[in-house]
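Trainee: Quick one: sequence plus predicted model below, questions after.
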Amino acid sequence: MLHFIVFCLGTVTGSFLNVCIYRIPLGKSIIYPPSCCENCGHRLKPLELVPIISYISLAGRCRECGSKISLSYPIVEVITGILFLFLFNRFGLTYDLLSALILVSILIISTFTDIEHSIIPNKIVVPGMAAGFLTNILLHPDKLPYCLLGFLLGGGSLLLLAVISRGGMGGGDIKLFAMIGIFFGLKLTALSLLLAFILGSIGGLICIIFNLKKPKDTIPFGPFIALASIISLFFGNGIISWYLEMFF
Ligand SMILES: [Zn+2]
C-alpha cells in the first residue's frame, strides 16, 4: 500500500515536472495559468489532471479541441513514479531520500527539455546547485569539501572538453554536471562522467546505425548524463567496489 502511495506521489510530481519541461524553456510561469491545453487554452478539469489515467481516458487528445497531447506527458509521469518508488526502496524514509528525489526530478526535467528544446535551462540547474549545497550542509556537513570537489570535477571536465572540442559540449551540459557533482561528491561524479561518455558513445552509434541521425548531427548529451547519474545513484557504490576488487 505504501509503495502504491509513493508511486502515485511520483506520478503527481511527474505531472508538475511536465509543466516545468513545457513552460520553462518558453519563459512562461510554472504557476499561472493553471494546467490547460497548449492549443486552445481549455482549463483542465480535476479528472483531466489525474496523471497517466487522464491521458488514457482522453485517448491522448484534448476534450475541447481534439488536438493531440504529446506522449511525453504520460511517459514523464510513469518514469517519475517508477523512479520515486525505486528511490524509496533504496533509501527508505530518510533525508537522503529527499536529496535523491530532488536530484532525480531535476535530471528528468533536464533530459526532456534537452530532447525537446535542446536546452538545459539555468532556471532548473542553478536552483538545483543551491539545493545540492543546502542538503549537504544540513545532512552531511563533513562531506562539504567533497561536494566542492565534485562540482569542480563535474563542471571542469566538461568545460575542458568544450574548450578542446571548440563548443562540442553545451553550456547546459557543463552546468548540469557541476550540479550533479555537488550532490555526488568526488567518487560518484567520476563514475558518472565515465558512464555518461560510454552511454553517449553507444547512443551515438545506435543513432547512426539505425539512420536516426547523420554523423554530423548533434545528439543531446543531457539524457546520457541523466541516465549515467541515475545508474550511479542506485549502483554506484557497488560498481566502484566491484571495480576495485577486480583490479586492485
Ligand atoms: Zn485543446
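Mentor: Right, received. Where do you want to start?

Trainee: Count residues in the vicinity of residue 50, would you?
Mentor: Other residues lying near residue 50 total 17 when counted by other C-beta atoms under 10 Å. In this view, the C-beta of every residue, glycine as well, is placed from N, C-alpha and C.

Trainee: how many other residues sit next to the nearest residue to residue 152 once chain neighbours are set aside?
Mentor: Nearest non-adjacent residue to residue 152, counting by C-beta to C-beta, 6 or more residues apart in numbering: residue 181, 7.1 Å away. Other residues lying near residue 181 total 30 when counted by other C-beta under 10 Å.

Trainee: and the gap between residue 181 and the ion?
Mentor: When distance is defined by C-beta to the ion, to the nearest Å, residue 181 is 42 Å away from the ion.

Trainee: for residue 201, same thing?
Mentor: Counting by C-beta to the ion - residue 201 and the ion are separated by 41 Å.

Trainee: again, but for residue 88
Mentor: Taking C-beta to the ion, one finds residue 88 at 35 Å from the ion.

Trainee: since we're on that residue, how many residues are nearby?
Mentor: Count around residue 88 with other C-beta under 10 Å applied: 21.

Trainee: In this structure it contacts residue 97, no?
Mentor: Yes: taking contacts as C-beta atoms under 8 Å, residue 88 lies within contact range of residue 97: 6.5 Å.

Trainee: who does the longest helix seen in the chain touch, helix- and strand-wise?
Mentor: Longest helix in the chain by number of residues, with DSSP state H as the criterion: helix 171-209. Under the contact criterion of 3 or more C-beta pairs under 8 Å, 6 or more residues apart in numbering; DSSP states H and E, helix 171-209 touches helix 95-117, helix 122-139, helix 144-164, helix 222-247.

Trainee: Next up, the contacts around the most centrally placed residue in the chain.
Mentor: Compute the mean C-alpha point of the chain, and by C-alpha atoms, centre = their mean the closest residue is residue 107, 1.4 Å away. By C-beta atoms under 8 Å, 6 or more residues apart in numbering, the residues touching residue 107 are 180, 225-226, 229-230.

Trainee: Kindly present those residues as a markdown table, with separate columns for pLDDT and neighbour count.
Mentor: Shown next, in a markdown table, are the contacts of residue 107 (pLDDT from 0 to 100; neighbours: other C-beta atoms under 10 Å):
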| residue | pLDDT | neighbour count |
| --- | --- | --- |
| 180 | 98 | 33 |
| 225 | 97 | 29 |
| 226 | 98 | 26 |
| 229 | 98 | 31 |
| 230 | 97 | 22 |
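
Trainee: That concludes my questions; thank you for your assistance.
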